[in-house]
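Peer 1: below: sequence and its predicted model.
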Amino acid sequence: MSPLKNLSVVRKLVQIGAFAFFVYGGTLTGYYLADKVSGALPALSCAYDMQGADLCTLIPFQHQMDHRLGEAIAKGGNLMMGVMPTLITLGTFIVLFVILNKAFCGWICPLGTFQELLHIVGQKLGLKRRESLDQGLVLRMRPVKWLTLLLLVFGFPLMAGIGWVNHDLGDPFCKICPSRILTTLATGDTTQLHVDSASNTTLLLSLIADFMFGLMIALALTIRQPFCRICPMLALHAVFRKLGLLRLVKNARPRCEKCGLCAKACPMDISEIHTEMQKRNVTFEDCTLCGRCVEFCPDKDVLQLKYAGFTLMSADPAYFKERKRAQSEWERGTLFGAPSAGSSGKPVKKAT
């Protein structure tokens, strides 16, 4: 199969290009290009990276809750003046989000790219990988991203601005976000991988950050997209997913009930792609629009990626056969010559 006909290969090339731009692009475009472009990127590109070409929207949201809305509430000021910066940031986010929808996660986010590359490393090392997580565990994990968004992005920063908690909790998500450590380390800056003993709060947050970064690396070698499953950006995307021009569409067939290959291919273990038989728009809250379910659907036009109503890619039996063959060849090769092992110890027929 030609690499340029393989959607996963094309996506990897886009991801690596996006990673280079958002982590190192500032060296070409100037210091903090984000201040000139948006500052509301729908992906985890960190402002702590001084070479970065843009920064994610979760950063200004936290600062606005703390220094604008929270202070306005505490001092009895004009609430509209406190809310307005957040509305502007949200509006910019929505404008950008409409263009690519949740594909910002699956195609653009540097942290998502890093986790996928780690998974490839795990496969090539011949590590025993989990093909899919238990659905009970998947369902229990889904609310975590919403709690993270509500508490760490909006809740604690707002309470810090009001004065209910100390200002070390003014940007708690940034303090624990793995992207902050990843992007700074990628530019040779080791200052963010540290233990901050300035206060008990910063000590706890920095320990959580270091632990989460290490845990993410360890898990990503054998489990697909571990941090993405609890990422607050994914939750924010889910709120506005019906506004995006890019969508995953399903034209269910009776055979879908017995197949399930789409759910097995999904890196986020979204079983509803398989079980949903009524809705056409199946861009579920955890979907990153990576397109893998479309690639591994064997029935003509059952799953489609559509942009503003136009079909970009559609499930096709001929493509499926070529893609499956190419994947089997990929899975057979490891650095040590042993077959890649899944949870059963047998070669995993999964797209990487």
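Peer 2: Noted; the coordinates are in hand.
Peer 1: residue 60 reaches residue 90, doesn't it?
Peer 2: No: Residue 60 is beyond contact range of residue 90, at 9.6 Å (criterion: CB atoms under 8 Å). From N, CA and C alone the C-beta is placed, and that goes for glycine too.
Peer 1: give the residues shared as contacts by those two.
Peer 2: Taking CB atoms under 8 Å, 6 or more residues apart in numbering as the contact rule, residue 60 and residue 90 both touch residue 40.
Peer 1: between the two, which one's more packed in?
Peer 2: Between residue 60 and residue 90, counted using other CB atoms under 10 Å, residue 60 has the larger neighbour count: 23 against 19.
Peer 1: okay, and the closest residue to the more buried one other than its chain neighbours sits in which element?
Peer 2: Excluding the flanking residues, the one nearest residue 60 by CB to CB, 6 or more residues apart in numbering is residue 89, at 4.8 Å. Assigning secondary structure by DSSP states H and E places residue 89 in helix 79-100.
Peer 1: what stretches of the chain score poorly on pLDDT?
Peer 2: For the chain, the stretches with pLDDT under 70 are 31-37, 336-352.
Peer 1: switch the cut-off to 80
Peer 2: Along the chain, segments meeting pLDDT under 80 span 1-3, 27-38, 77, 131, 333-352.
Peer 1: and the strands in this protein, which stretches?
Peer 2: For the chain, applying DSSP state E gives strands covering 246-250, 303-307, 310-314.
Peer 1: how far does stretch 163-178 stretch from one end to the other?
Peer 2: Terminal residues of stretch 163-178 are spaced 27 Å apart (CA to CA, to the nearest Å).
Peer 1: how about the residue nearest in space to the middle of the chain, nearest residue that isn't a chain neighbour?
Peer 2: Taking CA atoms, centre = their mean, the centroid of the chain lies closest to residue 105, which sits 3.9 Å from it. Leaving aside its sequence neighbours, residue 105 sits nearest to residue 288 (CB to CB, 6+ apart; 3.9 Å).
Peer 1: re the thing from before, for the helix holding residue 89, name the packing helices and strands.
Peer 2: helix 58-64, helix 71-75, helix 232-240 (3 or more CB pairs under 8 Å, 6 or more residues apart in numbering; DSSP states H and E).
Peer 1: again, only this time at 10 Å
Peer 2: Contacts defined by 3 or more CB pairs under 10 Å, 6 or more residues apart in numbering; DSSP states H and E place helix 79-100 against helix 58-64, helix 71-75, helix 232-240, strand 246-250.
Peer 1: and the gap between the nearest residue to residue 115 once chain neighbours are set aside and residue 296?
Peer 2: Nearest residue to residue 115, sequence neighbours excluded (CB to CB, 6+ apart): residue 220, at 4.4 Å. Distance, residue 220 to residue 296, by CB to CB, to the nearest Å: 21 Å.
Peer 1: and for residue 153?
Peer 2: For residue 153, the distance to residue 296 - CB to CB - is 34 Å.
Peer 1: would you mind getting the angle between the helix holding residue 89 and strand 246-250?
Peer 2: Inter-element angle recorded for helix 79-100 and strand 246-250: 60 degrees (by axes from the mean of the first three to the mean of the last three CA atoms, to 10 degrees).
Peer 1: can you give me the helices in the stretch 151-300 of the chain?
Peer 2: For the stretch 151-300 of the chain, helices defined by DSSP state H, counting those that start in this stretch occupy the ranges 156-162, 172-176, 178-186, 200-220, 232-240, 256-259, 261-265, 272-275, 292-295.
Peer 1: with respect to residue 143, which of the ones you listed lies nearest?
Peer 2: Nearest of the helices of the stretch 151-300 of the chain to residue 143, taken as CB to CB: helix 232-240 at 9.4 Å.
Peer 1: ok, residue 12 touching residue 3?
Peer 2: Yes: using CB atoms under 10 Å, residue 12 is in contact with residue 3, at 9.5 Å.
Peer 1: okay, these two: which has more neighbours?
Peer 2: Using other CB under 10 Å as the criterion, residue 12 and residue 3 rank with residue 12 on top: 18 against 11.
Peer 1: quick check: the more buried one vs residue 283, distance?
Peer 2: Residue 12 sits 22 Å away from residue 283, taking CB to CB as the criterion.
Peer 1: now do the residue lying farthest from the centre of the chain against residue 84, distance only.
Peer 2: Largest separation from the mean C-alpha position in the chain: residue 76, at 37.8 Å (CA atoms, centre = their mean). From residue 76 across to residue 84, the span is 17 Å (CB to CB).
Peer 1: what of residue 6?
Peer 2: 46 Å.
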